[in-house]
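Asker: sequence and computational prediction follow.
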Amino acid sequence: MVKPDWIAVDWGTSRLRAWAMAADGAVLAEGSSADGMGALDPDGFEPALMRLVGGWLPDTGAPVPVVACGMVGARQGWREVPYRPVPCAPLGGGMAVTTADPRLSVRILPGLSQATPPDVMRGEETQIAGLLSHMADFDGVICLPGTHTKWAQVSAGEVVSFQTFLTGEMFDLLATRSVLRHSVGGGALDRAAFAGAVTDAMTAPQKLAARLFAIRAAGLLEGLPEAEARGRLSGLLIGLELAGAKPYWLGQNVAVIGAPDLAGLYAEALKGAGVTVAVLEATSMTLAGLGAARRGRGDA
């Protein structure tokens, strides 16, 4: 039987993930479901959580602390937790949520906001805190690739500024809903084509729209393989992002936190631009950040 000291939760728009944690930080059990924020109304969050973690809870005794990050704290989430404006440390105290089941003691962590230019994040701040829990003296830039990629400037333990790029969502829309869906397929991508497209986009970002359509034309006229087409699409979009994010990464220490495949693409693109990159896995950084929140704020 799993007997967690506390429960870590990462609640995104499309997925809910939870881990039963020991007092020493070891993972005792884990689970996930499709009960993301986007599929729930406010009354559906506690039942969704119980479906996933109910078997980890004792029948009696003190409630089990639950520390949650991500979109669960958004306006459409379980309880809206106000953003904390930067510059600030990545972690805040969070907000306690009253639950019907007395075996739960839930706290939702806040995201971060920036006034100029306007920007927000929820969830990534916990990964940044996870990195700082391992590298307390880190001074530089953290790239967090995903549907909405974040670039965060970090100094003296604080997030100083950040910027979000819609790159992942653009890739999904172009690959699945545009004319390019006939060309790129859904498999692996060609790394050489990716690297070449990154260079093309960084060198002449104003030609992006034309180069995107050229992928389709090359498929029709030259039989461009799907893997090469997918590599070009990914490389053009990530290259465009790197061109826009250059003030963040140029001359900086850079760390990339993400899923291995996607983080690897960003690291490869940055190395091609002459940047030394440290790559860290997203789940381990999320758990480290949630653990730091748990230790820093007790059970409240």
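Answerer: Perfect, I can see it now.
Asker: would you state the helices of the stretch 1-150 of the chain in chain order?
Answerer: Listed in chain order, the helices of the stretch 1-150 of the chain (DSSP state H, counting those that start in this stretch) span 45-53, 124-134.
Asker: if you compare those, which one is most tucked away?
Answerer: Mean neighbour count (mean count of other C-beta atoms under 10 Å) peaks for helix 124-134 among the helices of the stretch 1-150 of the chain, with a mean of 25. (Each C-beta comes from the backbone N, C-alpha and C, glycine too.)
Asker: wait, which of the helices of the stretch 1-150 of the chain is closest to residue 264?
Answerer: Between residue 264 and the helices of the stretch 1-150 of the chain, the shortest separation by C-beta to C-beta is 16.6 Å, and it involves helix 124-134.
Asker: who's in contact with that closest one?
Answerer: Contacts with helix 124-134, where a contact means C-beta atoms under 8 Å, 6 or more residues apart in numbering, come from 10, 69-70, 89-91, 109-112, 138, 142, 144, 150, 152, 154, 157, 159, 255, 257, 280, 282, 284-293.
Asker: repeat for stretch 45-64
Answerer: Contact with stretch 45-64 is made by 2-7, 9, 16, 18, 20, 29, 31-33, 35, 40, 66, 72, 77-78, 99-106, as judged by C-beta under 8 Å, 6+ apart.
Asker: still on that earlier bit, which one of the helices of the stretch 1-150 of the chain lies nearest to residue 249?
Answerer: helix 124-134 (15.7 Å).
Asker: export the closest one as CSV, just CAs?
Answerer: This file holds the C-alpha atoms of helix 124-134, laid out as CSV (Å, rounded to 0.1, in the frame of the first residue of the first chain):
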residue,chain,number,x,y,z
GLU,A,124,7.1,26.9,-15.7
GLU,A,125,8.0,28.9,-12.6
THR,A,126,8.0,25.6,-10.7
GLN,A,127,10.5,24.1,-13.1
ILE,A,128,12.7,27.2,-12.7
ALA,A,129,12.5,26.7,-8.9
GLY,A,130,13.5,23.1,-9.5
LEU,A,131,16.6,24.1,-11.4
LEU,A,132,17.5,26.6,-8.7
SER,A,133,17.1,24.0,-6.0
HIS,A,134,20.0,22.1,-7.7
